[in-house]
Structure formats: structure tokens, C-alpha cells
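Colleague: quick one: sequence and predicted model below, then my questions.
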Amino acid sequence: MLSESLSVFIPLLLFVAVLIIPLPIGLLNASRYNYSLFGSAIAILFYLAFRCPGRVGRTLSLSALLITFALPLAYLWQTGASDIFVVGGILPFSDAAIYYGDARSLLNGGTIASWGPQRPLFPGLLAVLLGLFHQNLQIAIATLVLMNAIACFFVAREIQKTNGTFISVLISIQTFFFYRLFLGKTMTENLGLALGVLGFAALWRGAHQRHLGTSFAGIFFLTFALNARIGTVFVLPALVVWGTFVFRKSARFSGKFLLGSSAAILLGGALNLILLKIVGSPTGSPPFANFAFTLYGLVTHTTWFNVYTDYPELWAMDGVKRNQAVYVLATDLIRKDPMSLVTGVVRGWTVLFWGKQYSLFAWDFLATQTLDPILRPLSVLGLLSTLRHWKKPTASLLLAMAIGIFLTMPLLPLWDAGNRPYAATIIVLFMFTALGLMALLDILCLLLKWLWNRLNRDRFNPLHRINVTWMNRRSRLNLPFQSPPSRWQPNALLSFGFSLVLLSFAGSIAVKTTAFTPQFPPSTCPEGLETQLFRANPGSWINLVGNDAISRSQVPNIRLRDFKRGLKTFSFWSTKEPKMLKKLKAQTTIVDTSGFWLVADTQMVPKGGGNLLACGKFIPAGKELLLFRADSIQPIAAIGQPIKSNK
């Protein structure tokens, strides 16, 4: 019992240590942006750790994954970097700010935003984490990263048991490279990827062992993942069809699998709708209302944003009415020219397979420009390798999910949101890439054997026993897991998955039903200044300090030079916001109140946060950001509560 606990406690301790201890900036920067050198280093680290058997191997492999996932987060926190959806290393921006605001609204007894598509699962989970950690955003974000690292560990170990260490290492590396784009940001991909990976792990185990219950759990997790982060929904019916044949035994089809898998899908969807009914706004948009914008871009052969160019009056509309109006515009275009939808769908497939600007097989824009010419052919080779073994349950599972992804692809054009909508099922493409590499190595080995035999007929062939075919369990390079099967892993896998489901669903309901809406006494500011009441939570602000005030940045204290340097990578997307933020000076604190960003002299803001009353004025800072310049701040107590503040 003690050794089992240590195998979890030691990796967690190392995870926290990476986030706290100052590390070389070069290492942190490589973990965030580099592929070749950092990828090679973690490949060796993962391979050595995963090859160790027993509890030692489990401890080392989990430690290796947790350390790797923690490094990019440490980069954000120890440099104050800004990126898509995050500013100053911690402050949520744009879509991330919306989900963070929804979570804080639930904690205050409110609902999620009514003007946009209401997706309650991730904001609910984030609200639960914030509630557990006294609304500390830093700890909540670290927990999300930890959650995905553990999910990656589970799927890697499942694949290792059937396909060997080399494949599991390749899957782990690709999952990490994909996730680091969203790592440290309050985005729905955190939950979509984690549950999608866990769902795939359970399905893989269920297919390999022909176990119905585990397969149903995998489909249920995947349904939840696709509700948290909408994506390749046609994978679900594809899995139903797949299982009815794989589990049929001597019958024509498996009625048990048909009923069980359908029930799992319906239950996942029903729980999402129930949660939306409880925590959503009664007048809000449906969960996936923003598909109207995608549909408009599809039929006009443009992007989702082009509807604003064609109809600028949409900006002035309420969010719900805006979504409805865009649906009407899109359907009218289809009614007038039905072929526009057909050509749009064909364009979606064309860009996917032959487009150079966008890639589903690469992990982000940098990988698209550098690694896509390698990853795309490997995926095709992996698909062909899988087709050779289509009768095997795991191979047919990959093929079924690939068909579901293929059918959904035109509805999720890469020019709209990149590969973000594929978060729940992206691991299928990673499998094809890994299998393609193994098939390529196998071909090279056969070629080397042939050449050796031709040139050295009478000599012993050292390559005689080398075979890295992905289905060959005797592979020298790709040895499967050698230690005896462990009972804890399947139980831990399912327990972890259902825990995330319970936190997202039941936890959200508990937060909503027990939330306290604070009431404050009437307060006013001097004439000419606006009054703002808000709560400043630990881990949700940054202090800009002089370049020589501290030796290096560490959230919440960020050197002004580091902050401005980080805005350079942030400014490629929005232009007005960085210009305004660059004007800030040292001894300035930026507090995310979830409704706006408060900017004030650091001495004004109480160190312990709490409920605050600020007097000041709003200043324009762009469409994505609302800044409030505070002239004065003072703690204020809700009615019936004492003032709690530490200067």
C-alpha cells in the first residue's frame, strides 16, 4: 500500500517542484516551442522510463510525463509570456476569458454566458476546481495540466501492453505537442482532450480483451469529451456500428453492444442537456450555436468571420439573435444555391489532404510549416498498415474511428479553428502516424536484410532477428510491457475517467446549488468616477515590477521587460490590446475580475485579494479587452460578513 502511494506521490511532488523551482529559461523555452531537440530528449526519457517494469517503471514513466507537461506551464509562469488566450503567463484572454468568467459566475450563483454557445461541462469543471482551491486560478490551471498528463499516461500504458514501448512513446510525444498549444489556458480543449484520450484508452482495452463494459465506458467518456469540446461527432455512430460486428461472436450482430453503446451515447448527451438546464441561461443559445458561422463560411468558401464583413450590423445584435440571424443567412444561401454546400464540403476535404497552409496531422502552425511533409505521409502509411490487419479488433477500431473523423471533416474546416475541434479524437491520427513510422522502419529493416543477403551470402546476418512490425510482439525495438499484468491500471483508468465526469456534472450542480451571491451595501465614488465592485482572487493577477527589482519573473511578479517581450508573440493576433498593455509601467497590478481587467498601482491592491470597491474610469483597449483604471481601491464586506483583507 505504501509503495503504491509513493508511485503516485513522487511524480506529483516532482510536478509541483518543476512549477516552483527556477529552471533554465532555455530549457523552458524549448519545452514550449521546440520540436527537434526537445522532442528527441523526451523520446529518450520516455523510452527508458517506460521500459522499466513494475512499480519502479510506473513511477518513472508517470514522473517523466508529469515533468514534461509541467515544463511549458513553468515557462508561462516564470517568464510572464503572452500567447493566444493568455496574457502575462496567467490572465485568460478572449475565449479563455469567457470560460473563466462562466466558472466565476457559477461560483457566485449565476449562469454561464447567454450570448454565446453554452457549453456547461468545462466551465462547470473549472468552477469546481476554483471552489476547491479558494478560487486560486493558478492552482486550478495546474490541476488541468496534471489531469491531461495523467490521461496521457493511461493511454500510453494501454497501448504499450498491446503494441510495445516504441509506439506508446510516439503517442505520448504527439499528445504532448498537441496539448501544449492549450496548456496553461482555460480552454475547453483541456477537458475534451483528457476525456477523449481516456475514452480511447478504454476502447482500446475493450477491443483487445473483447470486454463490453470497458468499451461502453470508453464510448461514454468520448461522448462527454465531444460535448465538452464539440468535434468529430460522427465517430460515435461509427463506433456503434464497429462494436455490433466485432462483438457479435456467432450472431449476425451484437444486440448487447448496440443497446449498450447507444445507451452510453444517449446518457452522455442527456447529462450534458440536464447540466445546461441547471447552470445555463434560460434565454441562452444552444450548446453548438456557433456552427452557424462555420456553415456560412462553408457555403461562401470563406471563414467563419467573413459574415461580419458581409453584414457589419451583426456586431450590434444580441448574441442569441446574432446566432439565429447567421443561421438564416446560411440556410438562405443553401436554398438559393444547394451546390454551394457541396463545393464547400469538397473544399474542406481538399484542403485537409492537399492544403499546405493548414494541416490536421501537424500539432500547430510551426509544425505545419516544418513537420507536416513528414507526418502526412506517415499517417497514410499507418492507415495502409492498419488496413492489412483490419480483422484484428484494435485495427478495426482505428479504422471505424477514422471513418467517423473523415465524414465529419468537411463540417470542421481547418481554416476556421485549426485542429482544435479534433481534440477529443486527435489521438486516432497520432496512432496512424506512429504506426506509419513503425511500418517504415519495418520496410527499411527488410531492405537492409535483403541487401546484406545479396552482398554477404556466406556471412551471418545480424539483422536476421530484427523486426519492428507493429503487430509483432517479438520486436526488439518495440518490446511490449514485460511485467505481469497489474490490476490497478484498468481500475485506475476507469476510476479516473468517471471522476472527471462526476466533477464536471455532479460537481457543477453542487457548485450551482450551494453558491452564495454576495450582497453589498450601497457604495458610490466621487463625482466623475465610476464605481466597480469585484472580487480579486489569488492567482488571478500579476504585478509588473521594475527590471532590477527581482532576479527573474515568477507569477504573480513579472518584470516589465519580460511582460513587454511576451506581448510580441501575442500581438500577431490582436493589435490594439498589446499597444495599450505596452503603455503600462512598473509598480502596476493587473487584476482579472472576470468582467474586466482592473489596472491600478500595486500599493493599492490588497495582497490577500477579497471583495474590493474601486473608483476609476474605463479606458478603451480593443474589442477583446476592457480595462478599468482605478484611482482608489478599498476592501468592502458583503452584508453580514466581516472585511477580510491583507495589505
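Modeller: Nice, I can see it. Numbers count the residues shown, from 1 in each chain.
Colleague: just the helices in the stretch 501-647 of the chain please.
Modeller: For the stretch 501-647 of the chain, the helices defined by DSSP state H, counting those that start in this stretch occupy 506-514, 560-570, 576-581.
Colleague: nearest to Leu437, of those helices?
Modeller: Across the helices of the stretch 501-647 of the chain, the minimum distance to Leu437, taken as CB to CB, is reached by helix 560-570, at 30.9 Å. C-beta: built from backbone N, CA, C; applies to glycine.
Colleague: tell me the mean pLDDT for the closest one?
Modeller: Mean pLDDT, helix 560-570: 85.
Colleague: mind naming the longest helix for this structure?
Modeller: Longest helix in the chain, counting residues (DSSP state H): helix 426-455.
Colleague: what helices or strands is it leaning on?
Modeller: Judged by 3 or more CB pairs under 8 Å, 6 or more residues apart in numbering; DSSP states H and E, the packing partners of helix 426-455 are helix 165-179, helix 189-209, helix 372-388, helix 393-408.
Colleague: wait, which of these is closest to Cys445?
Modeller: Judging the helices and strands packed on helix 426-455 by CB to CB, what sits closest to Cys445 is helix 165-179, at 13.1 Å.
Colleague: in three-state terms, how would the nearest residue to Asn537 once chain neighbours are set aside be classified?
Modeller: Using CB to CB, 6 or more residues apart in numbering and skipping residues adjacent in sequence, the residue nearest Asn537 is Gln135, 4.0 Å away. Secondary structure of Gln135, reduced to three states by DSSP: H, G, I helix; E, B strand; the rest coil: coil.
Colleague: ok, Gly184 touching Leu73?
Modeller: Yes: under the criterion of CB atoms under 8 Å, Gly184 makes contact with Leu73 at 4.9 Å.
Colleague: now do the shared contacts for the two.
Modeller: Here Gly184 and Leu73 share the contacting residues 141, 145, scored by CB atoms under 8 Å, 6 or more residues apart in numbering.
Colleague: comparing the two, which residue is more hemmed in?
Modeller: Set side by side, Gly184 and Leu73 show more neighbours around Gly184, with 28 against 25, by other CB atoms under 10 Å.
Colleague: on the three-state scheme, the closest residue to Leu493 other than its chain neighbours is what?
Modeller: Using CB to CB, 6+ apart and skipping residues adjacent in sequence, the residue nearest Leu493 is Phe154, 4.8 Å away. At Phe154 the chain is in helix, as set by three-state DSSP.
Colleague: show the contacting residues for Phe154.
Modeller: Neighbouring residues of Phe154 by CB under 8 Å, 6+ apart: 197-198, 201, 489, 492-493, 496.
Colleague: closest to Pro410 among these?
Modeller: The closest of the contacts of Phe154, once distances to Pro410 are taken by CB to CB, is Val197, at 24.7 Å.
Colleague: tally of neighbours for the closest one?
Modeller: Other residues close to Val197 by other CB under 10 Å number 31.
Colleague: same deal with Thr300?
Modeller: 16.
Colleague: please apply the same query to Leu440.
Modeller: 16.
Colleague: find the nearest non-adjacent residue to it, please.
Modeller: Closest to Leu440 by CB to CB, 6+ apart is Leu381, at 6.1 Å.
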